[in-house]
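# 3D model of this:
(chains A and B)
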Amino acid sequence: MERRIDQSALRLDEVTKDYGVGERAVRALDGVSFSLGSGSFTAIMGPSGSGKSTLLNCAAGLEHPTSGTVHVGGTPLQGRDEDELAVFRRTRIGFVFQGFNLLPYLTAEQNVALPGRLARRRVKAARSRELLDNVGLKDRYGHLPAEMSGGEQQRVSIARAQVLEPAVLFADEPTGALDSRSARQVLGLLRGSVDRQGQTIVMVTHDPVAAAYADVVMFLLDGRIVGRLPNPTADVVATQMAHLDELAQGGRTSVAAGAGTEAGR
Amino acid sequence: MIRLAYASLKSRWSAFVAAFLSVFLGTTVIGAFATLAETAGGDVSATDREALLVMGGVVGGWGLAIVLFSVASTLNLTVRQRATEIALLRTVGATPRQARRMLVAETAGVSAVAAALAAVPAWLAGAGLFAVIERADIVAPTVEHQAGVASIGGASVAMVIVSALAAGLASRRATKAAARTALTESTTDRDRMSRRRIVAGVVFLLVGLNYSVLTVTVMADSDDPYAAMATAGPAAIAWAIGLAILAPALLRVAAVLVGVFLRHAGAAGYLAAHNATRRAHRLAGVLMPVIIFVGVGTGTTYLMAIENEVTAGVATSADDDLIAMLNYVVVGMISLFAAIMVVNTTVAVISARRREFGQQRLTGATSRQVTATTLFEGGLVALTGIILGGVASLGTIVPYSQVKLDRLLPDLGIGYFLGVVALTLLLTLGSGYVATRRSLDMPPLQAAASPA
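As a prediction, the model looks like this:
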């Protein structure tokens, strides 16, 4: 499939998010701006409390930013209420979470087809089975989540996230609850869907090995993007993570590999 | 362990309220009838003693059966809802024994407070009941109402003991499996009903059948005009309790049958059908009080309506009217209790599903679709409960009508039954709607990450 890097799949402009009001307000995101091309795989890294999850929630329309704008596939998210956002999310955004979030009383195949049902779009049985085949679960169609391992459940949730061909797939610590072998499988699947189907993926992680599967790593500290690392390797990412403070003091500019550009735009 | 129990209590508000309310109201009802028995033990004539013992013991005895069953099943529900939490505790090193002790200590603590606070309402309800009895000239006007430690204290202590026993039984089930299995299996329960449970259900059904048959065969020939009522009344109660004990299996059957249609009612109907079929055990917690409410409510209403029809042509004394009123008071008390239990368990079951609602919304369900799902489930439960409760009520209606009116069904129309049906739908769907909307207040991501 031809890659279309020109059109942005996700764009954030000066996004700020505060929790609480007055003196007790905490700024979780502080003027974050970036644009991601379609068919790109971006990892977001940062220490605990750096605002990773808040960034992902705002970008995915799960939380309203205090100020700034978010566009997904060219469509603005602001000015929509919760139900409108839910309707938008289910067709344009896919989610993969650390906790899998499969419905316990639906089989693997039914879980995969569920977003289609909720959106009143018919998902053919062949389609959900094909997605399950793609993630290596050919013999698990009729299994309930409780009958599958964590790695298998996560693979079901990847198949589910892609069933309606979303503009962006968000993954929040997708390997956080998995053993290293299952983690490699899951990351390989995510990488494969970028390479083969041109899927756009944004992944939050704290694991340098996971981040190395991405095209670009963005580093977040105190709610700001402090660096950007293309073509990451686990070693370089780990080194960079250990010196995030210096990066922040040196201004919001280039990092280890030297090819970095200014984080915004 | 006690401090842990307290901390866990704080994080489980809805389960706590459900347990508290059931014990509080249960103690009020039982305590009120117990005061009649205590009064009978005082300085009263033999006939007064017998009258009071019949009221307190026989009528109150069946009220007691309903209350104990409801309290035990509510506590069973609140304990089982915490299977994941218990499994988690065990994976960090709590022994099954410690986990059980925590659950029992917590339940006993809540029950003790609820039972103690119920002393005043129990005394008031008992005094009210006695006032009606005295006005009906069932006992001599010289008899003084006795409501002391023996009746109200006894009822409170009994309720606390029953609560602790119920929690102990439920927690044994919750801690039976290996810790790790418990953690994964708590998300679904495909478990079948235990053999003990099936036996208990069948025994109650046989007791009900026995009362129904006795009404027609033995009591019909009795000289006492109230003899048939004494066996016909409890018949529906026993039938209802029997069916309620077997509720999980019966609900699964209903879900499979109705699911054929429900599956085509959009995504909400689809989710409701699958949840009801694959997790019938959880929804059955709501079905049980619905069966009791419909069965007891319909059965006793028609019982009294038949009685009214029989006495309609005959000139009635003021006493007869008061006895009728006394019946209404007693039935009203028990029905009100059953109605509150319906609301109580509905709210407890739905509030515990916050995490699941978050997951549904993250998958793309709008809050309207989530609400529609729980309403479909509520409708299924109400429908099943109305049918089963209706069947239970026939255990009273058919034999009593046969004895008094000489035909199988009274010619009273289905108006009363429709009234009970409307009330049932209002209670289950109304409380289900409010509880679901409240659970949707939390943002989906937080909800999905909250403990199951």
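
# for chain B, what are the nearby residues on the stretch 51-200 of chain A?
A:57, A:62-63, A:82-83, A:86-87, A:89-91, A:95, A:97, A:99, A:101-106, A:110, A:114-115, A:117-120, A:144-146, A:160 (Cβ under 8 Å from any Cβ of the partner chain). To be clear about C-beta, it is placed using only N, CA and C from the backbone, and glycine gets the same treatment.

# just the buried members of these?
A:57, A:62-63, A:82, A:86, A:89-91, A:95, A:97, A:99, A:101-106, A:110, A:114-115, A:117-119, A:144-146, A:160 (16 or more other Cβ atoms under 10 Å in any protein chain shown).

# and the pLDDT for residue 231?
No chain specified, so I'll use chain A. Residue A:231 is assigned 90 on the pLDDT scale.

# wrong one, chain B
pLDDT, residue B:231: 85.

# show me where chain A has helices.
For chain A, the helices defined by DSSP state H cover A:52-59, A:82-92, A:108-118, A:125-134, A:150-162, A:180-197, A:208-211, A:234-242, A:244-249.

# and residue B:335, how far from chain A?
33 Å (Cβ to the nearest Cβ, to the nearest Å).

# residue B:210 now?
Residue B:210 is 39 Å from chain A, where distance means Cβ to the nearest Cβ.

# how about the residue in chain B that chain A sits nearest to, secondary structure?
At 2.5 Å from chain A, residue B:364 is the closest residue in chain B, using Cβ to the nearest Cβ. When classified by DSSP: H, G, I helix; E, B strand; the rest coil, residue B:364 comes out as coil.

# ok, it touching residue A:90?
Yes - between residue B:364 and residue A:90 there is a contact at 2.5 Å, judged by Cβ atoms under 8 Å.

# which neighbours do the two have in common?
Contact criterion Cβ atoms under 8 Å, 6 or more residues apart in numbering or on different chains; residues shared by residue B:364 and residue A:90: A:115, A:118-119.

# residue 80: what's it in contact with?
Using chain A here. A:61, A:88.

# my question was about chain B, not that one.
When contacts are counted by Cβ under 8 Å, 6+ apart, residue B:80 touches B:170, B:173-174.

# closest to residue B:327 out of these?
Nearest to residue B:327 among those: residue B:170, at 34.9 Å, using Cβ to Cβ.

# need the contact list for the residue nearest to that closest one when sequence neighbours are not counted.
Closest residue to residue B:170 apart from its sequence neighbours, by Cβ to Cβ, 6 or more residues apart in numbering or on different chains: residue B:79 at 3.9 Å. Residues in contact with residue B:79 (Cβ under 8 Å, 6+ apart) are B:103, B:107, B:167, B:170-171, B:174.

# let me know the secondary structure of residue B:79.
Residue B:79 is classified as helix under three-state DSSP.

# equivalent analysis for residue B:264, please.
Under three-state DSSP, residue B:264 comes out as coil.

# surely residue A:167 touches residue A:77?
No - contact between residue A:167 and residue A:77 fails when scored by Cβ under 8 Å: they sit 11.7 Å apart.

# in chain B, where is pLDDT below threshold?
By pLDDT under 70, the low-scoring segments of chain B are B:1-11, B:58, B:177-191, B:225, B:313, B:315-322, B:451-452.

# near chain A, which residues of the stretch 301-450 of chain B show up?
Residues of the stretch 301-450 of chain B lying close to chain A by Cβ under 8 Å from any Cβ are B:356, B:358-369, B:443-445, B:448-449.

# at 10 Å instead, please
Contact residues (Cβ under 10 Å from any Cβ of the partner chain) of the stretch 301-450 of chain B with chain A: B:355-356, B:358-370, B:440, B:443-446, B:448-449.

# give me the buried entries from those residues.
Among these, those buried by neighbour count (16+ other Cβ under 10 Å) are B:355-356, B:358-367, B:369-370, B:440, B:444-445, B:448-449.

# circling back to that earlier point, would you single out the least confident of the helices of chain A?
With a mean of 76, helix A:244-249 has the lowest mean pLDDT of those.

# next, the angle from the longest helix along chain B to helix A:108-118.
Ranked by number of residues, the top helix in chain B under DSSP H is helix B:367-405. Orientation note: helix B:367-405 sits at an angle of 100 degrees relative to helix A:108-118 (axes from the mean of the first three to the mean of the last three Cα atoms, to 10 degrees).

# mind listing what's buried along the following helix or strand past helix B:367-405?
Sequence order places helix B:415-439 as the next helix or strand after helix B:367-405, per DSSP states H and E. Of the residues in helix B:415-439, B:416-417, B:420-421, B:423-425, B:427-429, B:431-433, B:435-436, B:439 count as buried by neighbour count, 16+ other Cβ under 10 Å.

# now for helix B:415-439, which elements pack on it?
With contacts taken as 3 or more Cβ pairs under 10 Å, 6 or more residues apart in numbering or on different chains; DSSP states H and E, helix B:415-439 sits against helix B:13-40, helix B:280-312, helix B:318-351, helix B:354-362, helix B:367-405.
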